[in-house]
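Undergrad: build me a model:
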Amino acid sequence: MLVLSGSHNVSEPSVKFQTGCHFAMTVPYLQTESRSSETTLRLPARDVRFCLQWMSDTYRTHFQVFEWHGCWIPVSHDLCPWSAEQFATINLTLESSPEQVGFRIQEINDRDSVVTFPIESLNSKKQIAIGFLPTNCARNISDVLNLLFEQLDLNRLVVHQYQLLEEYTSQQKSDLVELSWFRSLAEELAFRNDATQLTSCARQALEHMKKMIGAQSLFIVLRIPSSADGSEIRRLIPVGPSKLRDSDVFRLIDVAGSNAICEVYLDKNMRGLHPGEPDQTEPVAIVPAICSHRCFGWLIAVGHDPQTVENENLWESCGFHFDERAVLMMESASSVLATHAHNQHLLSEQQELLLGTVRSLVNTIDTKDRYTWGHSDRVAQLAQAIAREYGLIESECEKIYLAGLLHDIGKIGVRDEVLQKTGGLTQEEFEEIKTHPLFGFEILKHLSQLKHVLPGVLYHHESWDGTGYPHQLEAYEIPLAARILAVADAFDAMTSDRPYRRGMPFERAEQILRDGRGKQWDEEVVDAFFRILDTMHEIVSQELVPLADVDTLKFTQSIAPRRENIDPLLAAIKTSTTLRSESLQRKSPGEIPAELEETVQFIPLRQHHSRPRE
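TA: Numbering: from 1, shown residues only. Purely as a prediction, here's the structure:
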């Protein structure tokens with residue numbers, strides 16, 4: 001350390017070092033009276049090192065920082081490479097500098113000046129920087145340093161703004177990733193039709209969220225009301241693998257208490273989740289899925305797995321618990337799931353209402369004409385089986401099944417004495433019978449969910465050669481659903497007992513179909529009928545009960561293969577309620593209403609069964 005001492009005779013100062021070396025010399029008298037300058041200039045503590053280095057590099061000189069401890073002591077053990085004469089000058093300057101020293105310039109001669117800079121300290125310590133500058137430069141150093149300070153402030157502002165821009169860009173990127181994730185979840189159906197399994201897209205989105213929040217396990221717990229006793233059934237859907245048992249997950253909800261149906265539950269150190277390790281703690285987040293003031297279930301995250309956190313994450317989980325951003329993301333996901341569950345609940349109610357309506361309509365037909373009891377259901381099964389053989393996709397087969405159930409609904413508008421007449425019909429009575437497709441169309445056209453059955457109801461009595469009714473369509477002008485229903489309706493009508501005749505033997509009815517192939521009926525549809533002739537025989541031979549009791553029907557799987565444990569009528573209703581609702585308008589005879597165009601375009605699985613319209 002440098003210790004400066006000397007006599008009060010300014011003309012003969014001395015400089016003493018810790019090494020014991022002693023120098024004595026004569027230095028020029030400091031012209032402080034004529035060349036001194038004091039201002040309020042102070043070096044900011046954060047800029048001291050930069051400013052001193054800048055002055056050293058610019059003016060090829062050196063500065064030393066001193067701290068007041070009863071006298072001015074060098075802060076650094078490294079001494080400046082001053083000459084002995086310069087050390088003596090610095091010594092005299094320090095001895096004449098009080099504790100409260102300001103910015104000062106002391107000219108030694110026309111060439112050099114001693115400059116003292118007070119330093120703004122962040123604590124109570126008093127420090128100064130002292131060194132030599134060329135005299136002509138020292139006179140303007142105050143203005144130069146003020147400009148330098150302004151430049152440093154501007155640089156700091158630019159750096160700060162750049163950092164803000166980087167943070168903003170990073171936040172925008174994070175928000176974009178979050179928005180993209182949220183959109184991928186919202187745009188896809190969260191659950192399948194049975195409301196107990198996630199769709200693949202929803203599962204992928206939730207697995208991505210699981211990684212982003214760094215959770216070891218993620219679960220969805222659904223609250224399913226029980227119609228038996230009014231209690232609820234909890235259905236657990238794990239998202240990805242998990243070591244937790246179902247009972248442990250359900251216990252979490254019980255621990256969260258009754259408020260869990262409306263509030264987020266967080267626990268940073270949940271114990272007892274692992275039976276073998278009772279003291280092990282895990283962070284837990286339970287977020288209710290709420291829509292329309294109803295809790296449809298919970299989204300539960302358990303454990304923290306830093307290894308699953310991706311570099312491009314929206315955030316990092318804080319230590320060993322889920323942070324606010326993680327909870328917000330879980331709330332977004334639970335909101336989507338709750339909204340979809342609520343929509344499914346409304347759709348289910350709508351389906352039940354439509355199901356009851358269809359059952360009532362079909363029962364009305366069968367009750368009105370006891371001789372045709374079961375005719376509508378047999379036609380529906382025949383048409384569905386033919387449609388499958390023809391190559392239509394399953395959803396279109398279900399639509400044709402529903403059209404078959406309702407194809408004769410217009411007979412409600414025909415007088416009972418005409419329907420149940422045992423003798424031949426007069427021309428006037430036959431004309432009344434021919435109005436039932438129009439009556440059926442008028443009855444059903446206001447039910448937008450049944451819009452797709454309208455072509456079959458309206459055109460199932462049209463003939464391939466254009467001699468049918470009500471609009472005398474021919475060939476491919478007739479919608480495919482109506483062409484299929486025409487064959488099914490004809491075969492069941494010919495083989496069933498009617499008030500005016502006994503049912504025909506199968507062989508005779510089949511011969512009539514062969515003879516009418518390409519004349520009254522579509523050749524390809526008739527061919528599909530004969531390829532599954534045994535199935536057709538089984539359907540028309542079965543004994544049916546009223547459709548009002550359709551849940552107890554024992555449909556033979558070999559006759560009409562359907563999805564396991566699914567009511568065929570309910571399946572058709574589910575397909576119907578997915579269609580877009582539009583109003584229908586009647587068109588003039590001889591043309592297909594434009595509103596029905598989308599209901600007659602079916603997608604065959606086997607291309608050799610499809611033929612372009614002529």
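Undergrad: how close does Ala267 get to Phe322?
TA: No Ala there; residue 267 is Asp. Noted for Asp267: a distance of 10 Å to Phe322, by C-beta to C-beta, to the nearest Å. (Glycine included, C-beta is placed from N, CA and C.)
Undergrad: oh, that last question was meant for Met536, not what I typed.
TA: In this view, Met536 and Phe322 are 62 Å apart by C-beta to C-beta.
Undergrad: now find how far off-centre the helix ranked longest in the chain is within its chain.
TA: Ranked by residue count under DSSP state H, the longest helix found in the chain is helix 141-187. Centroid displacement of helix 141-187 relative to its chain, using C-alpha atoms, centre = their mean, to the nearest Å, is 29 Å.
Undergrad: next helix or strand past that helix?
TA: Following helix 141-187 in sequence order, the next helix or strand is helix 200-212 (DSSP states H and E).
Undergrad: direction-wise, compare that next one with helix 141-187 and give the angle.
TA: Going by axes from the mean of the first three to the mean of the last three C-alpha atoms, to 10 degrees, helix 200-212 is angled at 150 degrees with respect to helix 141-187.
Undergrad: quickly run through the sheet partners of the helix or strand following helix 200-212, with directions.
TA: Downstream of helix 200-212, the first helix or strand assigned by DSSP H and E is strand 215-225. Here strand 215-225 has these sheet partners by DSSP bridges: strand 232-238 (antiparallel), strand 294-304 (antiparallel).
Undergrad: poorly predicted segments of this protein, please.
TA: Scanning the chain for pLDDT under 70 picks out 1-39, 184, 186-199, 201, 226-231, 271-279, 305-321, 369-372, 499-500, 543-614.
Undergrad: measure Ile233 to Ser113 for me?
TA: From Ile233 across to Ser113, the span is 92 Å (C-beta to C-beta).
Undergrad: likewise for Lys173?
TA: Applying C-beta to C-beta, the value for Lys173 to Ser113 is 55 Å.
Undergrad: ok, now Val255?
TA: Distance, Val255 to Ser113, using C-beta to C-beta: 78 Å.
Undergrad: so which of the two has more stuff around it?
TA: Taking other C-beta atoms under 10 Å, Val255 and Ser113 do not tie; Ser113 has more neighbours (26 against 14).
Undergrad: leaving out chain neighbours, which residue sits closest to that one?
TA: Ala138 (4.1 Å; C-beta to C-beta, 6 or more residues apart in numbering).
Undergrad: show me what Ala285 is bridged to.
TA: Leu266, Ala301.
Undergrad: ok, it touching Ala260?
TA: No. If you go by C-beta atoms under 8 Å, Ala285 and Ala260 don't touch, sitting 11.3 Å apart.
Undergrad: show me which of these two is the more surrounded one.
TA: A direct count of neighbours by other C-beta under 10 Å for Ala285 and Ala260 places Ala285 higher, at 24 against 19.
Undergrad: contacts only, for that one.
TA: Ala215, Val264, Tyr265, Leu266, Ile300, Ala301, Phe322, Ala326, Val327, Met330 (C-beta atoms under 8 Å, 6 or more residues apart in numbering).
Undergrad: I'd like those as CSV, with distance to Lys421 appended.
TA: Output for the contacts of Ala285, formatted as CSV (distance: C-beta to C-beta, whole Å):
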residue, distance to Lys421
Ala215, 73
Val264, 71
Tyr265, 72
Leu266, 77
Ile300, 68
Ala301, 72
Phe322, 76
Ala326, 75
Val327, 74
Met330, 69
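Undergrad: how close does the closest residue to Pro505 other than its chain neighbours sit to Glu510?
TA: Nearest non-adjacent residue to Pro505, counting by C-beta to C-beta, 6+ apart: Thr495, 7.7 Å away. Distance, Thr495 to Glu510, by C-beta to C-beta: 9 Å.
Undergrad: same check on Leu354?
TA: According to C-beta to C-beta, Leu354 and Glu510 sit 36 Å apart.
Undergrad: next one: Ala387
TA: Look at Ala387 and Glu510: by C-beta to C-beta, they are 19 Å apart.
Undergrad: which one of those two is surrounded by more residues?
TA: Using other C-beta under 10 Å as the criterion, Ala387 and Glu510 rank with Ala387 on top: 29 against 20.
Undergrad: that one: what's it in contact with?
TA: Here Ala387 is in contact with Glu396, Cys397, Ile400, Ile484 (C-beta under 8 Å, 6+ apart).
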